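> Sequence first, then the predicted structure, then my questions.
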Number of protein chains: 4
Amino acid sequence: MIGADRPLRADARRNRARVLDVAAEAFATEGTTVPIDEIARRAGLGVGTVYRHFPTKEALFEAIVLDRIQRLAGTAQAARSDPDPGTAFFTYFTCLVEAGTVNKALFEALATAGGQVDTTALRAASGELLTALGDLLGAAQRAGAVRADVEPGDLQAMLAGALAMERAGAGPPGRMIAIVCDGLRAAPPH
Amino acid sequence: MIGADRPLRADARRNRARVLDVAAEAFATEGTTVPIDEIARRAGLGVGTVYRHFPTKEALFEAIVLDRIQRLAGTAQAARSDPDPGTAFFTYFTCLVEAGTVNKALFEALATAGGQVDTTALRAASGELLTALGDLLGAAQRAGAVRADVEPGDLQAMLAGALAMERAGAGPPGRMIAIVCDGLRAAPPH
Amino acid sequence: MIGADRPLRADARRNRARVLDVAAEAFATEGTTVPIDEIARRAGLGVGTVYRHFPTKEALFEAIVLDRIQRLAGTAQAARSDPDPGTAFFTYFTCLVEAGTVNKALFEALATAGGQVDTTALRAASGELLTALGDLLGAAQRAGAVRADVEPGDLQAMLAGALAMERAGAGPPGRMIAIVCDGLRAAPPH
Amino acid sequence: MIGADRPLRADARRNRARVLDVAAEAFATEGTTVPIDEIARRAGLGVGTVYRHFPTKEALFEAIVLDRIQRLAGTAQAARSDPDPGTAFFTYFTCLVEAGTVNKALFEALATAGGQVDTTALRAASGELLTALGDLLGAAQRAGAVRADVEPGDLQAMLAGALAMERAGAGPPGRMIAIVCDGLRAAPPH
DNA sequence: AATGAATGAGCATTCATTCAT
DNA sequence: CATGAATGAATGCTCATTCAT
């Protein structure tokens, strides 16, 4: 057996990256209906090349979203280091929303519990991300910075909502998120 | 031009209604990807009949959403009659969100600022609806029931966000909306 | 429920027949690799029309072969009426081979036990045909006109062989079949 | 022109042999639809290497079949040495059929008079083979072991038929061939 | 000489829309 | 008016073949 994932040749890596870029842009802007032929054309490549790198349109989409999600999961570390649990949670929450705002593909993946494309890898990655956010939530709640009646299972919905608001909103980025955050801070009804 | 909207023959009216019903159900459940042929089949009609009433798939979608939105705009009257401006606003807001939650087509139209389908008529109708909501907002703000830094132009985004939350959320209907409402009640930061 | 298979409109029936004709010819001559687009083109129709009548390339092929096989099964009746069991069997056998000779699609279906396309309907039809032939074989054997060591299960192979011979052979039709028939008449080795 | 067939480098010869082996196996088992990429993969080589040795898929197929046919032509010598002309002919005939039975590629080439692939070299080789068989036929006929109305030109068809029978037949190898042979022995009709 | 990345024509199939019956 | 047959552009994907590394 030869090394299963031998590093790609220089030009191949370039092309692969090109496809990812173009596709991310296309999916982000126009949704997943953009034809693969079109993506290939914009990347200046033949269709076959796209399919060499991603065996399926679905696989291409997954690769893009996976990449974004994994980068986001990484930034959870930074947030965790904040001494104030409330700040840590709200910072990370805001960060996730803003990331989703600029990327329609990511948006779809985050917002819809298993949107069009729903693979094991994708579920795993967003699960990881939500777990990290859930941990921050717990700490913030114990510190009294977030109302107690919010559950970790609500987080995806909160994300989806904040994302949708930002996306639909007109003002400066963060304005709508702030309102959601205030809602999370509010004392629960008694 | 012959009388533009001469009253339809009885059977034609019945068919038109049948198409609207079936299509609303189909779009609400499965999104706009359902083929027209399928809608015709479910309605027990030929495709041609569908096209006689709606010249385009887009037009059919628009007609459906327009109808729902107009009905919703009507319910604003009821809300306005509530003596407490705060209750009036939150009741209507919640009502709109819940309507969108059960209807994928409406959701698309409300949530996405000019989603897939964006026509003059549609914009007019949702404008009307948002104006009504905006009026309630103003009254509620003057009564101190809603924070002052929210603008009428934010309402569509708030709706979209609350819709997305409810849709993605697991708990009993209204749970997520409540958090958004609490956010709207919160005192603005100083 | 409206009559499930209401008779087709005149032009539709014409088109359907046209497709069957063209496709039979094409499959017979060039094998099943002929593109559907090409079949449509030769029939002077759009691809969509072909697909309206036959939901799949496979289905089109099946329809053709099924038709031929069913016609052949019908001719078994004629053969059965021959007073001499030997003549009856050899006549029918020859008839089957000759039918297959002129039709590559039929050839494939008869010759290969479940060739490229192998559906229930197809298996049923050729099973029927082989049963009829098997009955004639039994009678012929009891009358001493066919050697005893041939079994009904051999018939498909015999057909396939005779078909291949005729197809590859140069002389007048029937020459090669005669040799196979003589082999079937021959006394088994002792 | 540089020496047309300069001896290949040792590793090149090894690779060429590997491709031939793998392709023969693949074509024999799965027919000619196996992709070249797949053959390269199974041989542990790059596609380019396959194409270096065989400029075309067709050429690869031809090379394989040519090889088998030439080997078979060689075995004619052995058959010729049999003192009884009848035995010699039937032995060789049977031998050819059995060879074709186990090899789908060879089968295609032998059974179909100029099947998918039909080149000069191929025609030459199978011509040689048929000539050898034809000689044995003549001797057998002169010795009265084979009916007189069979012509050398029928041999390919006889081969094709016997092959098809064996391939479609269920029983032990040789059973169907025997019937064809009996047919060849039978006295011609008068 | 070997490799495998790139190419792009080709194919089965779907679906919005038009039009003859 | 209603029907559903016909149309054909569009789409995801495959695979023989070429060519840069």
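Structure's in. What do you need?
> Quick one: the helices in chain A, in order.
For chain A, applying DSSP state H gives helices covering A:10-30, A:36-43, A:47-53, A:57-80, A:85-101, A:104-111, A:120-142, A:155-168, A:175-185.
> Buried deepest among those, which one?
Comparing the helices of chain A by mean neighbour count (mean count of other C-beta atoms under 10 Å in any protein chain shown), helix A:155-168 comes out on top with a mean of 26. Where you see a C-beta, it was placed from the backbone N, CA and C, and this is true even at glycine.
> okay, the angle between that one and helix A:85-101?
Put simply, helix A:155-168 runs at 60 degrees to helix A:85-101, going by axes from the mean of the first three to the mean of the last three C-alpha atoms, to 10 degrees.
> Flag the helix or strand of chain A with the lowest per-element mean pLDDT.
helix A:104-111 (a mean of 59; mean pLDDT, DSSP states H and E).
> is stretch A:36-49 up against chain D anywhere?
No. Applying C-beta under 8 Å from any C-beta of the partner chain, one finds stretch A:36-49 separated from chain D by no less than 11.6 Å.
> Any part of that stretch near DNA strand F?
Yes. Stretch A:36-49 lies within reach of DNA strand F by C-beta under 7 Å from any atom of the strand, at A:Ile36, A:Asp37, A:Glu38, A:Val47, A:Gly48.
> would you turn those residues into JSON lines with distance to B:Leu66 and pLDDT?
Listed next are the residues of stretch A:36-49 next to DNA strand F as JSON lines, based on distance: C-beta to C-beta, whole Å; pLDDT from 0 to 100:
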{"residue": "A:Ile36", "distance to B:Leu66": "35", "pLDDT": "97"}
{"residue": "A:Asp37", "distance to B:Leu66": "35", "pLDDT": "96"}
{"residue": "A:Glu38", "distance to B:Leu66": "32", "pLDDT": "96"}
{"residue": "A:Val47", "distance to B:Leu66": "40", "pLDDT": "97"}
{"residue": "A:Gly48", "distance to B:Leu66": "45", "pLDDT": "96"}
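> Of those, which is the nearest to D:Ala99?
A:Gly48 (38.9 Å; C-beta to C-beta).
> hmm, back to that, comparing the helices of chain A, which gets the lowest mean pLDDT score?
Among these, helix A:104-111 has the lowest mean pLDDT, at a mean of 59.
> Can you pull the domain assignment for chain A?
What automatic domain parsing lists as the domains of chain A is A:7-55, A:62-185.
> need those in JSON lines with distance to D:Ala160, can you?
Below are the domains of chain A laid out as JSON lines (distance: least, C-beta to C-beta, whole Å):
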{"stretch": "domain A:7-55", "distance to D:Ala160": "39"}
{"stretch": "domain A:62-185", "distance to D:Ala160": "50"}
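> Among the ones you listed, which comes closest to DNA strand E?
domain A:7-55 (1.9 Å; C-beta to the nearest atom of the strand).
> Quick one: check that closest one for contact with chain B.
No. Applying C-beta under 8 Å from any C-beta, one finds domain A:7-55 separated from chain B by no less than 8.9 Å.
> ok, which pair from the residues of stretch A:36-49 next to DNA strand F is furthest apart?
Among those, A:Glu38 and A:Gly48 lie farthest apart (C-beta to C-beta), at 14.8 Å.
> So for whichever residue of chain A sits closest to chain C, what's the nearest residue that isn't a sequence neighbour?
Relative to chain C, the nearest point of chain A is A:Asp37 (17.8 Å; C-beta to the nearest C-beta). Once flanking residues are discounted, A:Asp37 sits nearest to A:Val47: 5.5 Å by C-beta to C-beta, 6 or more residues apart in numbering or on different chains.
> now do A:Ala145
Using C-beta to C-beta, 6+ apart, the closest residue to A:Ala145 is A:Gly86 (2.7 Å).
> check contacts around the one you found.
A:Ala140, A:Ala143, A:Ala145, A:Val146 (C-beta atoms under 8 Å, 6 or more residues apart in numbering or on different chains).
> Please list only the buried members of those residues.
Buried by 16 or more other C-beta atoms under 10 Å in any protein chain shown: A:Ala140, A:Ala145, A:Val146, out of the contacts of A:Gly86.
> Pipe those into CSV and attach distance to DNA strand E per row.
Listed next are those as CSV, based on distance: C-beta to the nearest atom of the strand, whole Å:
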residue, distance to DNA strand E
A:Ala140, 46
A:Ala145, 49
A:Val146, 45
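> related to what we said a few turns ago, relative to chain B, how far out is the residue of chain A closest to chain C?
Going from A:Asp37 to chain B by C-beta to the nearest C-beta, to the nearest Å gives 20 Å.
> Over to A:Pro152?
Per C-beta to the nearest C-beta, A:Pro152 is found 11 Å from chain B.
> quick one: pLDDT of that residue?
Looking at A:Pro152, its pLDDT reads 89.
> is it true that it touches A:Gly138?
Yes. A:Pro152 is within contact range of A:Gly138, at 7.4 Å (criterion: C-beta atoms under 8 Å).
> how about the contacts of A:Gly86, which pair is most distant?
A:Ala143 and A:Val146, at 8.2 Å, using C-beta to C-beta across those.
> circling back: quick one: contacts for the residue nearest to A:Asp37?
For A:Val47, the contacting residues are A:Ile36, A:Asp37, A:Ala40, by C-beta under 8 Å, 6+ apart.
> next one: A:Glu128
A:Ala73.
> Ok, A:Ala143 next?
Applying C-beta under 8 Å, 6+ apart, the residues contacting A:Ala143 are A:Asp84, A:Pro85, A:Gly86.
> Mind doing that once more with 7 Å?
If you count contacts by C-beta atoms under 7 Å, 6 or more residues apart in numbering or on different chains, A:Ala143 has them with A:Pro85, A:Gly86.
> What of A:Asp182?
By C-beta under 7 Å, 6+ apart, the residues touching A:Asp182 are B:Gly183, B:Ala186.
> That one and A:Phe93, how far apart?
Going from A:Asp182 to A:Phe93 by C-beta to C-beta, to the nearest Å gives 12 Å.
> what about dumping the CA coordinates of stretch A:54-65 to CSV?
Presented in CSV, the C-alpha positions along stretch A:54-65 are these (Å, rounded to 0.1, in the frame of the first residue of the first chain):
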residue,chain,number,x,y,z
PHE,A,54,-14.8,15.8,-5.2
PRO,A,55,-16.6,12.7,-6.3
THR,A,56,-20.0,14.3,-5.9
LYS,A,57,-21.6,17.7,-5.7
GLU,A,58,-22.6,16.8,-2.2
ALA,A,59,-19.1,16.0,-1.3
LEU,A,60,-17.9,19.3,-2.6
PHE,A,61,-20.4,21.1,-0.5
GLU,A,62,-19.6,19.1,2.5
ALA,A,63,-15.9,19.8,2.1
ILE,A,64,-16.5,23.5,2.1
VAL,A,65,-18.8,23.6,5.1
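> That one near DNA strand F at all?
Yes. Using C-beta under 7 Å from any atom of the strand, we find that stretch A:54-65 touches DNA strand F at A:Pro55, A:Thr56, A:Lys57, A:Glu58.
> And that stretch, how far out from the chain middle?
Averaging C-alpha positions (C-alpha atoms, centre = their mean, to the nearest Å) puts stretch A:54-65 15 Å from its chain's average.
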